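Student: The amino acid sequence is not available; the structure is as follows:
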């Protein structure tokens, strides 16, 4: 599952994200907009944040930091997070920090 271009391993949350679980629709894609809107509408299963309200963007940040980064290990990043629009590497890319999970930085 990805949010804001960050791919999380949500395996330990299989009761939420596994087959037939309530949030399974969010898995296998960048679901940034859906998380911001607290929506499972297929139209919201996208990384696009255009047109979101300040409240929705605040909710997104809160859930991203307080739930996903706090509970689930980061296992990668989407191309949109690593690359510029022309496909060249984004030299300003910085991996997310998760000291509580003691993950190895591979970047």
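Tutor: Thanks, I have it. This one's a predicted model, so the numbers in the text were calculated from it and none came from an experiment.
Student: State the distance from the residue lying farthest from the centre of the chain to residue 58.
Tutor: The centre of the chain is farthest from one residue, residue 86, which by CA atoms, centre = their mean lies 22.3 Å away. Separation of residue 86 from residue 58 (CB to CB, to the nearest Å): 31 Å. Placement of C-beta: from N, CA and C, glycine included.
Student: Residue 59: what's it in contact with?
Tutor: Residue 59 makes contacts with 35, 36, 38, as judged by CB atoms under 8 Å, 6 or more residues apart in numbering.
Student: give me that answer again for 7 Å
Tutor: 36, 38 (CB atoms under 7 Å, 6 or more residues apart in numbering).
Student: and if you look at residue 84?
Tutor: residue 90.
Student: Give me the pLDDT value at it.
Tutor: Note on residue 84: pLDDT of 88.
Student: From residue 95, how far off is it?
Tutor: Look at residue 84 and residue 95: by CB to CB, they are 17 Å apart.
Student: And for residue 35?
Tutor: 20 Å.
Student: neighbour-wise, which of these two wins?
Tutor: Shown here are residue 35 and residue 95; by other CB atoms under 10 Å, residue 35 has more neighbours (24 against 15).
Student: The helix or strand that contains that one - contacts with which helices or strands?
Tutor: Applying DSSP states H and E as the criterion places residue 35 in helix 32-37. For helix 32-37, the packing partners by 3 or more CB pairs under 7 Å, 6 or more residues apart in numbering; DSSP states H and E come out as helix 54-63.
Student: Buried residues, the helix it packs on. List them.
Tutor: By neighbour count with 16 or more other CB atoms under 10 Å, helix 54-63 contains the buried residues 56, 59, 60, 63.
Student: on that earlier part again, check the secondary structure at the residue farthest from the centre of the chain for me.
Tutor: coil (DSSP: H, G, I helix; E, B strand; the rest coil).
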